[in-house]
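Novice: Fold the following for me, if possible:
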Amino acid sequence: MDTATSAPERTDTSISAGGSGKKRRGERIRTRCPINVKLWETVDDNIKTLLWNELQKYFVYPPRSEVRGRDYALKKMGDRWRQWKSDLNRDYVQKNLPPFTEYGHISQADWDTFVADHTTVEALALRKKMSELAKKNRYPHRLGSSGYAGHVDQWRETEQRFTAASKPLLVDPMAERGKNWVWARNTDQVSDEGDILFETPDIEEVTTNLQQIVEKERSG
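Specialist: Model (predicted):
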């Protein structure tokens, strides 16, 4: 059993024999949360309580931190639930593929409803609009529906790991806002030596310019 000795916001990176907290939450929300509920906020409170109770089997929170830990864990679950539904739409609905081999817990009836909701005239028009906007964006992010909030902890952990190994990253001199902008637009891959792999040359150029500006300001 894990003991979460740090603040509740670090729960996501705790590890037990069963795998990471992030993976564990992902598995549970896929099997417990209905795919046809529109908003995380309207997911039944009993389901959220069940998810929280199951998570506590693997994590022990410091005294008087349970409320903060629950709020943080459920927020992360909501991020992953929204991302999963977005992935279902992209990988299965838009490709006219069934999800049952990968996600056998989804019933045919629930899938039919999900497909219908994501192929309405309104949904298709919105998808087209978002696609057109993405094509105009020279610096698209890769965050999915979870947004920045679903990734910041992972980015800070990566930075800390390379700092501890005395391997500086290109983003190290930047303020947090600049770091987040860069991380949101790369491939989430970093070489063993700390080289960030960028999605496009344009994004790499902007990142290098940001780093040089910060270094120049620091040197006066």
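Novice: Residue 172: how many residues sit nearby?
Specialist: By other C-beta atoms under 10 Å, the residues close to residue 172 number 14. Using the backbone N, CA and C atoms, a C-beta is placed for each residue, glycine as well.
Novice: State the pLDDT value of it.
Specialist: The per-residue pLDDT reported for residue 172 equals 83.
Novice: how far away is it from residue 186?
Specialist: Here residue 172 is placed at a distance of 15 Å from residue 186 (C-beta to C-beta, to the nearest Å).
Novice: quick one: least confident helix or strand in this structure?
Specialist: The helix or strand of the chain with the poorest confidence is strand 15-16; it has a mean of 34 (mean pLDDT, DSSP states H and E).
Novice: Quick check: closest non-adjacent residue to the residue nearest in space to the middle of the chain.
Specialist: Nearest to the geometric centre of the chain sits residue 150, at 4.0 Å (C-alpha atoms, centre = their mean). The spatial neighbour of residue 150 that comes closest, neighbours along the chain excluded (C-beta to C-beta, 6 or more residues apart in numbering), is residue 79 at 3.8 Å.
Novice: max-length helix in the protein?
Specialist: For the chain, the helix that runs over the most residues, judged by DSSP state H, is helix 66-88.
Novice: any idea how far whatever helix or strand comes next after that helix is from the chain center?
Specialist: Tracing the chain C-terminally past helix 66-88 and defining elements by DSSP states H and E, one meets helix 108-117 next. If you compare the mean C-alpha spot of helix 108-117 with that of the full chain, they lie 25 Å apart, counting by C-alpha atoms, centre = their mean, to the nearest Å.
Novice: Between helix 66-88 and helix 108-117, find me the angle.
Specialist: Angular relation of helix 108-117 and helix 66-88 on a 0 to 180 degree scale: 70 degrees, by axes from the mean of the first three to the mean of the last three C-alpha atoms, to 10 degrees.
Novice: buried stuff in helix 108-117?
Specialist: If you call a residue buried by 16 or more other C-beta atoms under 10 Å, then helix 108-117 has these buried ones: 111, 114, 115.
Novice: quick one: the helices in this protein?
Specialist: Remark: helices assigned in the chain by DSSP H are 21-32, 45-55, 66-88, 108-117, 121-136, 152-164, 176-183, 201-219.
Novice: Which parts of this structure belong to which domain?
Specialist: Residue ranges for the structural domains of the chain, counted by automatic domain parsing, are given in the record as 2-136, 144-219.
Novice: Let me see the mean pLDDT of the longest helix of the chain.
Specialist: Taken as a whole, helix 66-88 has a mean pLDDT of 85.
Novice: Which neighbouring elements make contact with that helix?
Specialist: Under the contact criterion of 3 or more C-beta pairs under 8 Å, 6 or more residues apart in numbering; DSSP states H and E, the helices and strands touching helix 66-88 comprise helix 21-32, helix 45-55.
Novice: Residue 83: which of the ones you listed is closest?
Specialist: Relative to residue 83, the nearest member of these by C-beta to C-beta is helix 21-32, separated by 8.9 Å.
Novice: mean confidence score for the closest one?
Specialist: Taken as a whole, helix 21-32 has a mean pLDDT of 73.
Novice: And stretch 121-128, by the same measure?
Specialist: The average pLDDT within stretch 121-128 is 82.
Novice: Could you pull out the buried residues of it?
Specialist: Under 16+ other C-beta under 10 Å, the buried positions of stretch 121-128 are residue 127.
Novice: and what of stretch 45-54?
Specialist: By neighbour count with 16+ other C-beta under 10 Å, stretch 45-54 contains the buried residues 47, 48, 51, 52.
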